[in-house]
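> no sequence on hand, only this structure:
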């Protein structure tokens, strides 16, 4: 039995907390909101994020970050990417001994273009960090909380961390594979949200399944191109952190990014779609980061470029699709160059 603290009481953090206690580990779930903390502890629910779920009484919430950090043998960070650096800084203040940190955030930092494991490593003193990894793959909290079969990957270069992650989470409904390509898994988890926005736009415009399947497939090519340029193994994108995560995010009613794109396809502005969702759609920020990364590294990413122009330059979705369809066709597979 280990002591685990999950930092972030949104839908995914809460679902992971349940998996932890199902496996017999002690848990603290950090919630910045005292209202959410009290609801979790008193009613065993988290109605804002998981409306109908009843949590095990062993899911104990706290709004004291110092308590959560000091309690844990392993820290799991489940917060939006835009606050990752701030949260890591705060965690660092309370670390008194080296610990493993696992994050589950899928995005890139806007200001630096960095992956989340890099942000964490920036802010946690090296003598306090035993290792950092990412848990990622095709997974929706709304299904994991029901204990529906879910399969993801733990990605880290640290063998001990990978083994511990399996011990924390792996059970009869939650299967954990190991992938040592942390770059590829983080890139796949971030960039698939861009394609999910596009798939939502296609459905919002009623362009049909042919168009959506084409966008998803060619989107995977773009993700692999940039991932390879950033140092990832291209094989990673054929796994859970690549095509697996891409498919579930581009096709599910649970996907925030798909739903955000769908609303835009229905005629809502970006601002209206975000307000209507009332949750973070990481792909909106990631699209901007990825667009500039593609220019920096001279990576051909026409889908990303056109979705960026829809979100930030006022390009219509109809013109976006026309731009993509009217490009000169090339060989389908060219080794991601």
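On my side now, so go ahead. Please read these numbers as outputs of a predicted model, since none were measured by experiment. Numbering: from 1, shown residues only.
> run the chain-centre distance for whichever helix or strand residue 321 is part of.
Here residue 321, judged by DSSP states H and E, is contained in helix 317-325. Mean C-alpha position of helix 317-325 versus that of the full chain (C-alpha atoms, centre = their mean, to the nearest Å) differs by 27 Å.
> and it, what does it pack onto?
Counting contacts by 3 or more C-beta pairs under 8 Å, 6 or more residues apart in numbering; DSSP states H and E, helix 317-325 packs against helix 182-204, helix 302-313. Using the backbone N, CA and C atoms, a C-beta is placed for each residue, glycine as well.
> neighbouring contacts of that helix?
Here helix 317-325 makes contact (C-beta atoms under 8 Å, 6 or more residues apart in numbering) with 201-202, 204-205, 207, 211, 264-265, 302-303, 306-307, 309-310.
> for that helix, buried residues please.
Judged by neighbour count (16 or more other C-beta atoms under 10 Å), helix 317-325 contains these buried residues: 317, 320, 321, 324.
> same question for stretch 268-283.
Using 16+ other C-beta under 10 Å as the burial criterion, the residues of stretch 268-283 that qualify are 268, 270, 273, 274, 280, 281, 282, 283.
> so can I have CSV of these showing secondary structure and pLDDT?
Converted to CSV, the buried residues of stretch 268-283 look like this (DSSP: H, G, I helix; E, B strand; the rest coil; pLDDT from 0 to 100):
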residue, secondary structure, pLDDT
268, coil, 95
270, helix, 94
273, helix, 94
274, helix, 92
280, coil, 78
281, coil, 84
282, helix, 90
283, helix, 91
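> tell me the one of these nearest residue 26?
residue 280 (28.7 Å; C-beta to C-beta).
> the closest one contacts residue 257, correct?
No: using C-beta atoms under 8 Å, residue 280 makes no contact with residue 257, being 9.6 Å away.
> show the contacting residues for the residue nearest the centre of the chain.
Nearest to the mean C-alpha position of the chain, by C-alpha atoms, centre = their mean, lies residue 106 at 2.4 Å. With contact set as C-beta under 8 Å, 6+ apart, residue 106 has these partners: 81, 136, 186, 189, 190, 192, 193, 245, 282.
> ditto for residue 283
So residue 283 contacts 107, 193, 194, 196, 197, 257, 260, 261 (C-beta under 8 Å, 6+ apart).
> from the residues you listed, pick the one nearest residue 97.
Using C-beta to C-beta, those come closest to residue 97 at residue 107, 29.2 Å.
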